[in-house]
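1. Structure, please.
(one chain, ligands or ions: 1)
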Amino acid sequence: MSSLHPDTRAVHLPQPPLNGSTPIAVPLYQTSGFVFDDPAVFADGMGRPDGAFVYGRLSNPTVRALEEAVADLEGGVAAVAAGSGMGAINSVLFGLLQPGDHLIAQRPLYGGTAASIADLGARFGVSVTYVDQDDPVAAREALRPETKLLYLETIANPMTQVADLPGMCAVAREAGVVAVVDNTFASPILCRPLEHGADIVVHSTTKYLSGHSDVLGGIAVFADDALYRRLWAYSTKLGATLDPFAAWLTLRGMQTLPLRMARHCENTRILATRLAEHPAVDAVHWPGMPGHPSYELAAKLLPDFGGVFSFDLTGGRASGERFMSSVRLALLAPSLGGVETLILHPATTSHRSLTAAELESSGIGEGTVRVAVGIEHPEDLWADFVQALEH
Ligand SMILES: *Cc1c(COP(=O)(O)O)cnc(C)c1O
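-> Next up, the predicted model:
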């Protein structure tokens, strides 16, 4: 190399040698592409997900490590990561549906997903029938010859209804319809929808999987290799790719996912049961509480009930606003699944695009507060909630 000019030597950096050892942590391959000795290996890697790594939009070793880790936790054959949860969800919806197709989706549904389904209808004539998340009879009645996809969420936002995954996925299976489940709220620690008959699981890895409120990402996990290859081809064409550094942060967060989920669930149980007894609180919505419409289904399906709950204040909207401006430890912020406790007012933030009638039919009141419980000490959280309720 020393015969070359400094300009050239500065460009062509040496690779660090691995002299008989390998790194403990998954290395961050922050590179847009890969170098080949063999042009045939280069060409082969362009057309399939399991050839040589070629170009970052198609595949990357750090991103692949994340895909394999999540596929393993979910019990799938493979996964495709994306730059956000919506990137993964849209890759699946737009990759599988064609003009004239029909899908069945649950209501309630994450707002971004509902907006994409509306877009599919307006631009491509893909029609949708909405059914309750726990009504296989309604799902069966909604089937048409052109039905291609059933879309569910394990635990819905913000009232935490639980989907009847075995019942609903059985309807899809009998009809040859692809069942897609957004498992963001449960995480693979509480639920593995492929075990209940789903074909594809999607996540916003922005939430529990990464767990530290510092990175966006999404992933789709597949039960079937052919479906995986088809969606890999579509997603890489669309360019929904995850950046290697985002994959690296997500992998780092995922190593503590089981520990964090246990604490999220335990803290939520403490806050939810105590709030239910508080005179300023009308109702608490968490599937782990007797009286929640999904309580029995949740007890059959889930070992624990997640770290998100909502509650209604007796004083309605004014009380909700006072509560939210009075908390000191809990942070007023969107999103969920991070180590910090976050609260928001669905009627004016996450669900503001719903009409008054839609809010009412979703059970979201003017005084409903959603809490994404973090992993702080539960007594500190409770003390914060009590002082805020006193305002
Ligand atoms: C946040 C979220 C999404 C969207 O994920 P992004 O990473 O924000 O794109 C989809 N589904 C659910 C249930 C979510 O909570």
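
2. Going by C-alpha atoms from here, please, whenever you check contacts or count neighbours.
-> Fine.

3. Thought Ser325 was touching Phe385, still the case?
-> No - under the criterion of CA atoms under 8 Å, Phe385 makes no contact with Ser325, lying 11.4 Å away.

4. Those two - which one has more neighbours?
-> For Phe385 versus Ser325, the count of surrounding residues by other CA atoms under 10 Å is larger for Phe385: 20 against 13.

5. and the closest residue to that one other than its chain neighbours, what does it touch?
-> Nearest non-adjacent residue to Phe385, counting by CA to CA, 6 or more residues apart in numbering: Val327, 6.5 Å away. Under the criterion of CA atoms under 8 Å, 6 or more residues apart in numbering, the contact list for Val327 reads Asp384, Phe385, Gln387, Ala388.

6. Now, these that are in helices?
-> Judged by DSSP state H, the contacts of Val327 include Asp384, Phe385, Gln387, Ala388 as members of helices.

7. Now tabulate those residues in JSON lines and tack on pLDDT.
-> Below are these laid out as JSON lines (pLDDT from 0 to 100):
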{"residue": "Asp384", "pLDDT": "98"}
{"residue": "Phe385", "pLDDT": "98"}
{"residue": "Gln387", "pLDDT": "97"}
{"residue": "Ala388", "pLDDT": "96"}
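
8. Buried ones among the residues you listed?
-> Burial by neighbour count, judged by 16 or more other CA atoms under 10 Å, picks out Asp384, Phe385, Ala388 from those.

9. Let me know the closest of these to the ligand.
-> For these, the closest approach to the ligand (CA to the nearest ligand atom) belongs to Phe385, at 23.4 Å.

10. burial count for the closest residue to the ligand within the stretch 1-150 of the chain?
-> Going by CA to the nearest ligand atom, the ligand is nearest to Gly85 of the stretch 1-150 of the chain, at 3.4 Å. Counted with other CA under 10 Å, residues neighbouring Gly85 total 26.

11. ok, now Ala383?
-> 14.

12. Pull up the gap between it and Val327, please.
-> Distance from Ala383 to Val327, counting by CA to CA, to the nearest Å: 10 Å.

13. cool, and Pro290?
-> Pro290 is 27 Å from Val327, by CA to CA.

14. I figured Ala52 hits Pro39, correct?
-> No - applying CA under 8 Å as the test, Ala52 and Pro39 come out as separate, 11.2 Å apart.

15. So which of those two has more stuff around it?
-> In this view Ala52 and Pro39 are compared by other CA under 10 Å, and Ala52 has more residues nearby, 19 against 9.

16. Residue of the stretch 101-250 of the chain closest to the ligand, please.
-> Ser204 (4.2 Å).

17. tell me which parts of the stretch 201-350 of the chain are close to the ligand?
-> Ser204, Thr206, Leu216, Gly217, Gly218 (CA under 6 Å from any ligand atom).

18. Which of those residues fall within strands?
-> Ser204, Gly218 (DSSP state E).

19. now the residues of the stretch 201-350 of the chain next to the ligand: which count as buried?
-> For those, a burial check counting by 16+ other CA under 10 Å picks out Ser204, Thr206, Leu216, Gly217, Gly218.

20. Tell me where the stretch 51-200 of the chain has helices.
-> 61-74, 85-96, 111-124, 136-142, 165-175, 187-190 (DSSP state H, counting those that start in this stretch).

21. residues contacting the residue of the stretch 1-150 of the chain closest to the ligand?
-> Val202, His203, Ser204, Thr205, Thr206, Leu216, Gly217, Gly218, Ile219.

22. likewise Leu238?
-> With contact set as CA under 8 Å, 6+ apart, Leu238 has these partners: Ser91.

23. so can I have a markdown table of the helices of the stretch 51-200 of the chain showing mean pLDDT?
-> Output for the helices of the stretch 51-200 of the chain, formatted as a markdown table (pLDDT from 0 to 100):
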| stretch | mean pLDDT |
| --- | --- |
| helix 61-74 | 98 |
| helix 85-96 | 98 |
| helix 111-124 | 96 |
| helix 136-142 | 98 |
| helix 165-175 | 98 |
| helix 187-190 | 98 |
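
24. for these, which one sits closest to Phe311?
-> Proximity to Phe311, assessed across the helices of the stretch 51-200 of the chain by CA to CA, is greatest for helix 111-124 (19.8 Å).
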